[in-house]
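Asker: Next comes the sequence, and after it the predicted model I'd like to discuss.
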Amino acid sequence: MGKKFTIGCVVAVVVVIVVVGLSFAAYIISSRNNMVAKEVTIDQSWAQVQNVYQRRLDLIPNLVESTKGYMQLEKDIFEAITEARAGINSAETPAELESATQELGSFIDDIRIVVEDTPELKASETVGDLMIQLEGSENRIAVERSRFNEAIGDYNIYIKMWPRNIIAGWFGFTEKEFFEAQPGAEIAPEVDLELD
């Protein structure tokens with residue numbers, strides 16, 4: 001009877017070890033799959049951020065064309081757009097994307113002021129529509145950046161929590177960078193409309 005009891009105990013221990021091992025393996029697999037899904041969400045959010053920046057770039061030439069007779073900034077704006085397009089397409093981090101579009105932002109401010117200070121342009125339905133679309137693009141950029149940061153926050157929290165932080169380390173999942181305002185972004189820009 002002692003042998004039967006010992007064999008029964010060994011079988012029970014083996015069954016417990018197998019169940020615990022399978023549960024742990026399932027947890028690891030589930031955690032890794034969730035990390036992958038969260039990374040894909042980040043990639044989708046990043047693509048959407050680039051998309052709204054691209055939309056803004058597509059609107060600016062139309063606005064410039066509509067205001068062409070009143071602006072001598074056209075050449076500089078198109079050069080900035082070309083540089084910004086290249087920067088957006090090659091940006092891999094939020095900081096790189098923000099840097100790529102920083103100069104373009106000052107041109108957008110210049111365009112807004114020129115339109116506001118020129119009654120003929122302000123009264124133009126085409127220019128008005130384009131300005132509304134441009135402002136809408138700016139709002140979309142803010143929304144998509146916020147969504148991107150939410151996806152980053154969700155991912156970063158997920159991979160930092162114990163014991164997932166260990167699993168993240170095993171599979172090479174690392175913390176992601178948030179979109180942050182450029183230094184001095186809290187200061188209103190000065191606009192100089194003096195043309196050379």
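Answerer: Structure received.
Asker: If you count contacts, what does whichever helix or strand residue 60 is part of end up packed against?
Answerer: Counting by DSSP states H and E, the element that carries residue 60 is helix 2-66. When contacts are defined as 3 or more C-beta pairs under 8 Å, 6 or more residues apart in numbering; DSSP states H and E, helix 2-66 sits against helix 74-90, helix 94-117, helix 125-160, helix 164-171. Where C-beta positions appear, they are placed from N, C-alpha and C, glycine not excepted.
Asker: Quick one: work out the angle between it and helix 125-160.
Answerer: Comparing the axes of helix 2-66 and helix 125-160 via axes from the mean of the first three to the mean of the last three C-alpha atoms, to 10 degrees yields an angle of 160 degrees.
Asker: and the angle for helix 2-66 with helix 94-117?
Answerer: 30 degrees.
Asker: Tell me how far residue 153 lies from residue 42.
Answerer: Distance, residue 153 to residue 42, using C-beta to C-beta, to the nearest Å: 10 Å.
Asker: what pLDDT, on average, does the helix holding residue 60 get?
Answerer: Regarding helix 2-66, the rounded mean pLDDT is 86.
Asker: what is the orientation angle of it with helix 74-90?
Answerer: 170 degrees.
Asker: show me what contacts residue 23?
Answerer: Applying C-beta atoms under 8 Å, 6 or more residues apart in numbering to residue 23 gives no contacts.
Asker: still on that earlier bit, who's more crowded, residue 153 and residue 42?
Answerer: Using other C-beta atoms under 10 Å as the criterion, residue 153 and residue 42 rank with residue 42 on top: 18 against 12.
Asker: Once you drop chain neighbours, what's closest to that one?
Answerer: In this structure, residue 42 finds its nearest non-sequential neighbour in residue 151, 4.7 Å apart by C-beta to C-beta, 6 or more residues apart in numbering.
Asker: So for the one you found, what's the pLDDT?
Answerer: 94.
Asker: How about the one 4 residues further on?
Answerer: The pLDDT attached to residue 155 in the predicted structure is 95.
Asker: Having no further points to raise, I will conclude here.
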